[in-house]
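Engineer: Here is my input, please return the structure:
(one chain, ligands or ions: 1)
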Amino acid sequence: MVPVESVETRAVATLSEVFSRIEHSRTADEVVQQIEGLILEGVLRVGDRLPGERELAQDFDVSRPILRNALKNLEGRGLLVTRPGGGTHVADVIGQVFAPPVMDLIAAHPKAAADYLEYRREVEGIAAEYAARRATRDDLALLDRIMARMEASHESANPQEEAAIDVEFHATIGECAHNIILLHTLRSCYRLLSDGVFRHRLLAFELPGVREELLSQHRAIHAAVADRDAARARQAAMDHITYVERSMHEAERTGDWQRVSRLRLIQRIDGARRGADRQQRQQ
Ligand SMILES: [Zn+2]
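Structural biologist: Prediction:
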């Protein structure tokens, strides 16, 4: 399973810049509100570890009992989890639009995969359009870094890694769009990819010319967002998904051809051997 996010994409800011001082009423509720907001906005991500109690109390400028109350509240509602000896982490709650049985259903039925891509084409188009309008300088800096890593992994011909960075790239475009609902729906879509529901996806990366084409499409989306050209960004993102759809279909057909020719080969070799056995018996 390929993780959706990698540590390298984390914001450049240190964690103490992420948590800010509680200004007015220094209550547990205020702390809860701030952490909730950070999870919703995608600043804190699944699995992120919160700083230790003392440090965190300092960042928020609240007493430790108040902080403890806030953390207990968030844990009680399943937003944070404490791992024995491993600190407090953000729980796996974001992008859980599809329950596991639904994921299995989608994996088992080709029509659902087609519906997935049709839906994703629209949502991805909107995300790129909003990103071109709304991306901040920090968003663009993060996008530049991901693009540079994508280029590097393309150079080193590592399709598995490139496929993982591909997901990261789209997730970041989703963040640049600055719409929380859009972000969480997109994340749910990417979960299906990283959980390997679409087994033809990695196969598609191995088809001749596909990786080059995908890279140039990602460059086009990146450039349009950086140029703040909303219409171009939307079109580039939609064209990209149309292409992904086509190459996944192609990969599926190629996979089927490979299966058939393998069966033929086995049949021939087997047939020839059985023929030879028969001849031996007759002699
Ligand atoms: Zn892509």
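
Engineer: Where does the prediction get shaky in this structure?
Structural biologist: Across the chain, the ranges flagged by pLDDT under 70 are 1-16, 94-96, 194-202, 255-256, 271, 282-283.

Engineer: can you pull out the strands in the stretch 101-250 of the chain?
Structural biologist: Under the criterion DSSP state E, counting those that start in this stretch, strands are not mapped anywhere in the stretch 101-250 of the chain.

Engineer: which helices and strands sit right next to the top helix by length along the chain?
Structural biologist: Longest among the helix segments of the chain by residue count, using DSSP state H, is helix 230-282. Under the contact criterion of 3 or more C-beta pairs under 8 Å, 6 or more residues apart in numbering; DSSP states H and E, helix 230-282 touches helix 110-134, helix 200-205, helix 210-226. All C-beta atoms are positioned from the backbone trio N, CA, C, and that covers glycine.

Engineer: looking at those, which is closest to E151?
Structural biologist: Nearest of these to E151, taken as C-beta to C-beta: helix 210-226 at 7.4 Å.

Engineer: so which of the helices and strands packed on helix 230-282 gets nearest P159?
Structural biologist: Of the helices and strands packed on helix 230-282, the one closest to P159 (C-beta to C-beta) turns out to be helix 200-205, at 4.2 Å.

Engineer: related to what we said a few turns ago, export the helices and strands packed on helix 230-282 as TSV, with columns for mean neighbour count and distance to G37.
Structural biologist: Converted to TSV, these look like this (neighbours: other C-beta atoms under 10 Å; distance: least, C-beta to C-beta, whole Å):
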stretch	mean neighbour count	distance to G37
helix 110-134	18	18
helix 200-205	19	33
helix 210-226	19	25
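
Engineer: Nearest to L182, out of those?
Structural biologist: helix 110-134 (5.9 Å).

Engineer: residues contacting the residue lying closest to A91 once chain neighbours are set aside?
Structural biologist: Spatial nearest neighbour of A91, excluding adjacent residues (C-beta to C-beta, 6 or more residues apart in numbering): V81 at 4.7 Å. Neighbouring residues of V81 by C-beta atoms under 8 Å, 6 or more residues apart in numbering: E75, T88, H89, V90, A91.

Engineer: of those, closest to L40?
Structural biologist: V90 (11.3 Å).

Engineer: give the contact list for that closest one.
Structural biologist: Here V90 is in contact with I39, L44, R45, V46, G47, D48, L50, L79, L80, V81 (C-beta under 8 Å, 6+ apart).

Engineer: who wins for proximity to L192 among the helices and strands packed on helix 230-282?
Structural biologist: Across the helices and strands packed on helix 230-282, L192 has its closest neighbour in helix 110-134 (6.8 Å, C-beta to C-beta).

Engineer: What is the burial count for the residue lying closest to A220 once chain neighbours are set aside?
Structural biologist: Counting by C-beta to C-beta, 6+ apart, A236 is the residue found nearest to A220 once chain neighbours are left out, at 4.4 Å. Residues lying near A236 (other C-beta atoms under 10 Å) number 23.

Engineer: returning to what we had before: doesn't the residue nearest to A91 belong to a strand?
Structural biologist: Yes. The assignment for V81 by DSSP: H, G, I helix; E, B strand; the rest coil puts it in a strand.
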